[in-house]
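**Q** how does the following fold in three dimensions:
(chains A and B)
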Protein chains: 2
Amino acid sequence: MSTLLDSYIESNRDRFLEELKAFLSIPSVSTLPAHRPDIERACDFIITKLRDAGMERVERIASDGHPLVYAEWLRAPGKPTVLCYGHYDVQPPDPLNEWVSPPFEPTIRDSNIFARGAADDKGQMYIHVKAAELLLKMQGSLPVNLKFIIEGEEEVGSGAVDKYVRENSPKLSANVVLVSDTEMFAPGLPTLCVGLRGLIYTEVIATGAAQDLHSGLFGGAAPNPLTALSRIISQLVSPEHHVLIPGFYDDVEPPAPAEKESWKRLPFDEQHFLDKQIGAPSLIGEPGYSVLERIWARPTLEVHGIVGGFMGEGAKTVIPARAAAKISMRLVPRQKPDTIMAAFQQYVERLAPAGMRVQVRVLSSGEPVLMKPEHPYIRAAAEALSETFGKQTVFVRGGGSIPIVSRFQETLKAPVVLMGFGLPDDRLHSPNEKFHLPNFFNGIRAVARFWGKLPTAE
Amino acid sequence: MSTLLDSYIESNRDRFLEELKAFLSIPSVSTLPAHRPDIERACDFIITKLRDAGMERVERIASDGHPLVYAEWLRAPGKPTVLCYGHYDVQPPDPLNEWVSPPFEPTIRDSNIFARGAADDKGQMYIHVKAAELLLKMQGSLPVNLKFIIEGEEEVGSGAVDKYVRENSPKLSANVVLVSDTEMFAPGLPTLCVGLRGLIYTEVIATGAAQDLHSGLFGGAAPNPLTALSRIISQLVSPEHHVLIPGFYDDVEPPAPAEKESWKRLPFDEQHFLDKQIGAPSLIGEPGYSVLERIWARPTLEVHGIVGGFMGEGAKTVIPARAAAKISMRLVPRQKPDTIMAAFQQYVERLAPAGMRVQVRVLSSGEPVLMKPEHPYIRAAAEALSETFGKQTVFVRGGGSIPIVSRFQETLKAPVVLMGFGLPDDRLHSPNEKFHLPNFFNGIRAVARFWGKLPTAE
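**A** Numbering: from 1, shown residues only, chains lettered A, B, ... in the order given. Got it, this is the predicted structure:
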């Protein structure tokens, strides 16, 4: 199998690269209305390539936003069904003058292809398409039933795909979802991301007076919403970074000892993380937890902005009538967004000082995600990666939240395999985004192997 | 004297009104560059009227901003010197559609003249000009030496006049400064404002990471400047509204028992103040102090805005690299801005949490102002007001700060008489600003009487 894979890839290497370049040349920036025609072109490109690969029922699905692409190949009765997810839209390329080569003129330097979207996510999602082509052309069939759902709004909130998944769960039903939109922990180190934190994003609104007041004329007798919010926030998190909401940690499931132990063996350099990725005087966090535990396996509460009063240059002596704090909580496995939200709301309202009305509004919420490394599908993915990269696969988590992954988990009730081929220095969302080409070709090998290793559906 | 005053005013009543209308017709909005020609016209108007009144050495003083006007009459050797201050600039009139009559077409309804600047400060400062004219025309002399300094930038920070006072204190030297730019506590109730709070306006800047961070990827390990500022702010003021800066209250001089006692007799309705002027669920403030004490005689600390992170609509999961809180303190007599500032800075830096750099920047500061009601000049002013209005003069304070008053006090070392003729419902800075015409004419009487009553300079 390995030799067959390699020889197909070798003989099609140049064509694969030309196709990837063509795909990366389309400036499908989802947030800019001027790029709508490019969105259409990118969508059409994927449709053509899925058809060329031999996928069936390839559909362009119109939405209120950008179109989705669906495709399937369901001729493997008794075999598990895999749903591949990816996105063809990209971030804006600004600032343009910091790019060494133009963002939509893909250029290869030192085995990397530089272009906006190279790693996020065009290069990675194209791995799935080429793996399907390879097996269908080589063998005339796939070892699994395969479905694709590809969207064009990942960088602007995934609105259309979220709705489509909710409304079409029978059509999209699968035994496992495959997503390649994450990164390897280090170059050459095969990595599966088995956990993501959930998210509750809220706005806490404090209202005092009926209108903005002059702090000279009223200061000392009128309630100040900014002082009130500050006092509330200071009671949400302790100076040791524990969240103080009653019951907040009740359902937290600590990582399994083996998982926690494996994190200690990861090539993680705390000083490098501080210096190169954060740049603050020091790291902070809950005592008794490693840095990786703090960002992967511990729930947190952060303030993102406080809106109200005078926010310009210079001085204005206003006591604002109203101020709002944007506060989010990252959740870890077994914490329930609804339970946490209720506890948060109750606690915040209890903290409201005299003279002040305090309201809590939820802007969004998503469940945490966790796959057990011993799950048979995760094991299949790990083996496929290990064989391809010649190293033992490591299991990591992500501190962030990928809403569509929560959506797949919640709606399709299927485990999600986060098999990412990006590298930590791929500069997603920044100038000079790149994708490491050996990872592109190894990705095709690994994905094809993964499908082949999937145990028959239970 | 009283009869003479009255008869001069009576026979010139219509002309005085026409002049006031002409002055109010000039849209001398200092903040809008398009109104620069109107600023010049308003300045010229005052120069002409000061000359017509019989004032001498009337000067138009160019500045980096809008011109100042100076005038003097110094032919009363051995008599005290009074410096009259006022401003000819006005606030913008927006929103225009809320005005019953257009803001620069002065209109009389129910004994009030409606126009932008009617009370703030054209109508009030014109009282000084007409009082000078009246005495010079009637008697050929004044009972005091008189100086005028009039500015055109009060609504935009008084930059030029502040510089001019600092650089020309011998020229402006006086035994007492007269300012009519405040209000009477209630209609018909003659009022002297004998105290103003001082102000220190600061910016507290907290810096964590070198750039904005994603709260999913870094939350739990990276310092959050907004949480840090909230914690600092919550330690600046107690839930009982005491300022917690060490030494903050050390130099506070409580109001004299007689002054405090007199405040209890003022027609002040707490419920009305809450409902009509604030509109919050309740008043707040330090226990053990009346509302008037809280806003007049107690120092306070207020937060005016917190800048940093995401301040738009919706959700963004950023941990900002940097955030800044705009924080001011109102000071009361005997508190020294420099001492308080040093204590504030030291305390805030001590509160800086780990992982965070915290800096304090002063944007402006001004001393509190207090005149003893028993000061001979204040007594003269009180008598003049009592005789004119037929009621005993009340002594109040202002919770706000008038920077130029602090400047006069600090640089000229002269007491400042704040003899205001505005009314609480004059709607300064709002649509339908007005000035009560009986107060205009009584103001002229009261000011002329005040000058006549001033004891010979020590």
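**Q** can you tell me how far the residue nearest the centre of chain A is from A:R57?
**A** Nearest to the geometric centre of chain A sits A:I402, at 3.5 Å (C-alpha atoms, centre = their mean). To A:R57, A:I402 is 26 Å away according to C-beta to C-beta, to the nearest Å. For every residue, glycine as well, the C-beta is placed using N, CA and C.
**Q** before we move on, what about A:A209?
**A** A:A209 sits 61 Å away from A:R57, going by C-beta to C-beta.
**Q** more neighbours: which of the two?
**A** When neighbours are counted by other C-beta atoms under 10 Å in any protein chain shown, A:A209 and A:R57 differ, and A:A209 comes out ahead with 23 against 12.
**Q** which of the three states applies to the more buried one?
**A** Three-state call for A:A209 (DSSP: H, G, I helix; E, B strand; the rest coil): coil.
**Q** correct me, but it touches B:S282?
**A** No. Counting by C-beta atoms under 8 Å, A:A209 sits too far from B:S282 to count as a contact (11.0 Å).
**Q** quick one: which helix or strand includes the residue lying farthest from the centre of chain A?
**A** Distance from the centre of chain A peaks at A:L217, with 49.5 Å (C-alpha atoms, centre = their mean). Using DSSP states H and E, A:L217 sits within helix A:215-218.
**Q** report the rounded mean pLDDT for that helix.
**A** For helix A:215-218, the mean per-residue pLDDT is 91.
**Q** quick one: contacts of stretch A:360-369?
**A** With contacts defined as C-beta atoms under 8 Å, 6 or more residues apart in numbering or on different chains, stretch A:360-369 is touched by A:195-205, A:331-338, A:341, A:344-345, A:348-349, A:401-403, A:405-407, A:409-410, A:416, B:314-315.
**Q** need the buried ones from these selected in PyMOL.
**A** In PyMOL syntax, the buried subset of these is picked out as below (16 or more other C-beta atoms under 10 Å in any protein chain shown):
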select buried, (chain A and resi 195+196+197+198+199+200+201+202+203+204+205+331+332+333+335+337+341+344+345+348+401+402+403+405+406+407+409+416) or (chain B and resi 315)
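**Q** that older thread, got a list of contacts for the helix holding A:L217?
**A** A:209, A:317-319, B:197, B:199, B:277-278, B:295, B:300, B:302, B:304, B:328, B:330, B:398-401.
**Q** hey, C-alpha coordinates of that helix in CSV?
**A** Provided in CSV are the C-alpha atoms of helix A:215-218 (Å, rounded to 0.1, in the frame of the first residue of the first chain):
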residue,chain,number,x,y,z
SER,A,215,-18.1,63.8,37.7
GLY,A,216,-17.6,67.2,39.4
LEU,A,217,-21.3,67.9,39.9
PHE,A,218,-22.3,64.4,40.8
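**Q** tell me how chain A divides into domains.
**A** In the domain annotation for chain A, the residue ranges read A:2-196+A:368-453, A:198-255+A:296-366 (automatic domain parsing).
**Q** tell me who's in contact with the residue in the stretch 301-450 of chain A positioned nearest to chain B.
**A** Here the stretch 301-450 of chain A gets closest to chain B at one residue, A:G400, 2.6 Å apart by C-beta to the nearest C-beta. Neighbour list for A:G400: A:196-197, B:214, B:216-217, B:317 [criterion: C-beta under 8 Å, 6+ apart].
**Q** and of those, the nearest to B:D6?
**A** Closest approach between those and B:D6, by C-beta to C-beta: B:T317, at 72.4 Å.
**Q** in this structure the closest one contacts A:K326, no?
**A** No. With contact defined as C-beta under 8 Å, B:T317 does not count as touching A:K326 (9.1 Å).
**Q** overlap of the contact sets of the two?
**A** Contact criterion C-beta under 8 Å, 6+ apart; residues shared by B:T317 and A:K326: A:201, A:304.
**Q** the more surrounded of the two?
**A** Taking other C-beta under 10 Å, B:T317 and A:K326 do not tie; A:K326 has more neighbours (25 against 21).
**Q** and the strand or helix carrying that one, what does it pack onto?
**A** Element membership for A:K326 (DSSP H and E) is strand A:322-331. Using 3 or more C-beta pairs under 8 Å, 6 or more residues apart in numbering or on different chains; DSSP states H and E as the contact test, the elements touching strand A:322-331 are strand A:198-207, helix A:225-234, strand A:300-307, helix A:337-351, helix B:215-218.
**Q** how far off centre is that strand?
**A** In terms of C-alpha atoms, centre = their mean, to the nearest Å, the centre of strand A:322-331 is found 21 Å from the chain centre.
**Q** that one pairs with which strands, and in what direction?
**A** Partners of strand A:322-331 in the sheet, by DSSP bridges, are strand A:198-207 (antiparallel), strand A:300-307 (antiparallel).
**Q** a markdown table for the ones you listed, including mean pLDDT?
**A** As requested, the strands paired with strand A:322-331 are exported to a markdown table (pLDDT from 0 to 100):
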| stretch | mean pLDDT |
| --- | --- |
| strand A:198-207 | 96 |
| strand A:300-307 | 96 |
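**Q** save those strands as JSON lines, and put in distance to A:V177 too.
**A** JSON lines is the format used below for the strands paired with strand A:322-331 (distance: least, C-beta to C-beta, whole Å):
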{"stretch": "strand A:198-207", "distance to A:V177": "17"}
{"stretch": "strand A:300-307", "distance to A:V177": "26"}
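**Q** with distance to B:A53 added, can I get the domains of chain A in CSV?
**A** As requested, the domains of chain A are exported to CSV (distance: least, C-beta to C-beta, whole Å):
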stretch, distance to B:A53
domain A:2-196+A:368-453, 63
domain A:198-255+A:296-366, 33
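**Q** closest one to B:H35 among the ones you listed?
**A** Of all the domains of chain A, domain A:198-255+A:296-366 sits nearest to B:H35, with 21.2 Å by C-beta to C-beta.
**Q** quick one: end-to-end length of the closest one, please.
**A** Length of domain A:198-255+A:296-366, first residue to last, C-alpha to C-alpha, to the nearest Å: 5 Å.
**Q** please apply the same query to stretch A:93-110.
**A** 22 Å.
**Q** and that stretch, what's its mean pLDDT?
**A** 95.
**Q** the helices and strands packed on strand A:322-331: which one's closest to A:P287?
**A** The closest of the helices and strands packed on strand A:322-331 to A:P287 is strand A:300-307. By C-beta to C-beta, the value is 14.3 Å.
**Q** partner strands of the helix or strand that that closest one is followed by, parallel or antiparallel?
**A** Moving toward the C-terminus from strand A:300-307, the next helix or strand (DSSP H and E) is strand A:318-319. Within its sheet, strand A:318-319 is paired with strand A:213-214 (antiparallel), according to DSSP bridges.
**Q** got the contact list for the partner strand?
**A** By C-beta under 8 Å, 6+ apart, the residues outside strand A:213-214 that reach it are A:222, A:317-319, A:321, B:278, B:400.
**Q** change it to 6 Å
**A** When contacts are defined by C-beta atoms under 6 Å, 6 or more residues apart in numbering or on different chains, strand A:213-214 is touched by residues A:222, A:319.
**Q** ok, stretch A:18-30 next?
**A** A:35, A:38-39, A:41-42, A:45, A:88-90, A:92, A:104, A:106, A:115, A:117, A:122, A:126, A:152-153, A:155-156.
**Q** and stretch A:127-134, by the same measure?
**A** Residues from elsewhere that reach stretch A:127-134, judged by C-beta under 6 Å, 6+ apart: A:8, A:16, A:49, A:53, A:84, A:180, A:443-444, A:447-448.
**Q** CSV for these, including distance to B:T456 and neighbour count?
**A** Output for the contacts of stretch A:127-134, formatted as CSV (distance: C-beta to C-beta, whole Å; neighbours: other C-beta atoms under 10 Å in any protein chain shown):
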residue, distance to B:T456, neighbour count
A:Y8, 111, 20
A:F16, 102, 20
A:K49, 101, 21
A:A53, 105, 22
A:C84, 98, 23
A:S180, 94, 26
A:G443, 98, 26
A:I444, 102, 27
A:V447, 101, 29
A:A448, 106, 29
